[in-house]
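J.: sequence and predicted structure, then a few things I'm wondering about:
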Amino acid sequence: MTMIKKYLPLIGIIIFILILIKIDILKLFHVLSNLNYFYIILAYLLIPMILFAKTYRWNYLKKKQNIIYDLKDSFLMYCAGTYIGILTPGRLGELTKIAYLKNNQCSVGKASVNVLLDRLADLFSLLILSCLGMFAFFHFFQNIIWALSFGIISLIILLILFLKTNLIHVLLKKIFDLLIPLKYQKFWQLNFQDFINDFKKYKLKNYLFICLITFISWLIYYYQIFFLAKSIGINNISFFYLAIAVTIAAFITLLPISILGIGTRETVLILLLSVFQISQEQIISFSFLILSLSIISGLTGLICWLIKPISVSN
């Protein structure tokens, strides 16, 4: 099983190579050499805004637990976690933010609450937006839509029931017992009560505010995508449909079969955008530009990591 997981990301690389074989490479270079850098710069200038919005969200989550950091330190830690996250499957490296908080006399259980909720805000919003977006391409995703809709509704009902009956801690304990390796079980059990105590500090209004910040960050991202599309001459698709396409592509790239979504993102975008008479060379170029957003965010995170690395002495 470990061997299979190790080579799963190669699937995306193979898919990407097969796509490159089928397209006109000279036309691809022509598209890339005629980029409108005005729009690219506009897209890149929005990167700090997204990072700031997500940092603010994380800071808000921490403050509800009386974990006080100024925005500057939170920004450095958040971006450093993003850098590590890009290098790891499923962005699990973002959990390094727990290590930052632990080094400042915060228990693992207490630190895990805000980091987990911050990560779930992105994942849950992506799940909902993807499900809604797939309705626009119903003929492509009919079975997936029904499965996702059923899953989301069931999850919401279960969460409401567990919250109402005050059994959320039982559910969480079962989940963590399944997810955490046996050798770390004892360590986790010592921190679990801290996790539960701080988890209960969040109220409905806090979750609604977290959702608001999350969707603002998505809106900024959609404008980035719109500018990148403009930069390569994709002008015949509305802002709305571009947002739908990249959201679905982002959802599919969560599958652990590629590196940075290479291969899977191109496949989804070709499937969804080719119907608008956009050449595959333009779509591949568009995908490259989307990838560049992650790379620049990662480089920003690397700088933040160098400024504020995790100390192992504590």
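T.: Alright, I've got the coordinates. Numbers count the residues shown, from 1 in each chain.

J.: can you show me the helices along the stretch 201-314 of the chain?
T.: 204-231, 239-252, 264-273, 280-307 (DSSP state H, counting those that start in this stretch).

J.: need the winner for burial among those.
T.: Most buried of the helices of the stretch 201-314 of the chain, by mean neighbour count (mean count of other Cβ atoms under 10 Å): helix 264-273, with a mean of 22. Every residue, glycine included, has its C-beta placed from N, CA and C.

J.: may I have that helix as CSV, with CA atoms only?
T.: The C-alpha coordinates for helix 264-273 follow below in CSV (Å, rounded to 0.1, in the frame of the first residue of the first chain):
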residue,chain,number,x,y,z
THR,A,264,-5.5,16.6,-13.4
ARG,A,265,-6.0,20.4,-13.6
GLU,A,266,-5.3,20.4,-17.3
THR,A,267,-7.6,17.5,-17.9
VAL,A,268,-10.6,19.1,-16.2
LEU,A,269,-10.0,22.5,-17.8
ILE,A,270,-9.8,21.0,-21.3
LEU,A,271,-13.0,19.1,-20.6
LEU,A,272,-14.9,22.2,-19.4
LEU,A,273,-13.4,25.0,-21.5
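
J.: so L35: helix, strand or coil?
T.: coil (DSSP: H, G, I helix; E, B strand; the rest coil).

J.: do you know the pLDDT at the closest residue to it other than its chain neighbours?
T.: Of all residues not flanking L35 in the chain, S231 sits nearest, at 5.2 Å (Cβ to Cβ, 6 or more residues apart in numbering). Among the per-residue scores, S231 holds a pLDDT of 95.

J.: dump the residue contacts of S231.
T.: 35-40, 43, 289 (Cβ atoms under 8 Å, 6 or more residues apart in numbering).

J.: any stretches of the protein with poor pLDDT?
T.: 1-7, 87-95, 105, 136-194, 311-314 (pLDDT under 70).

J.: return the distance of the residue nearest to the spatial centre of the chain relative to L132.
T.: By Cα atoms, centre = their mean, the mean C-alpha position of the chain lies nearest to D122, the distance being 5.5 Å. As for D122, its distance to L132 is 16 Å (criterion: Cβ to Cβ, to the nearest Å).
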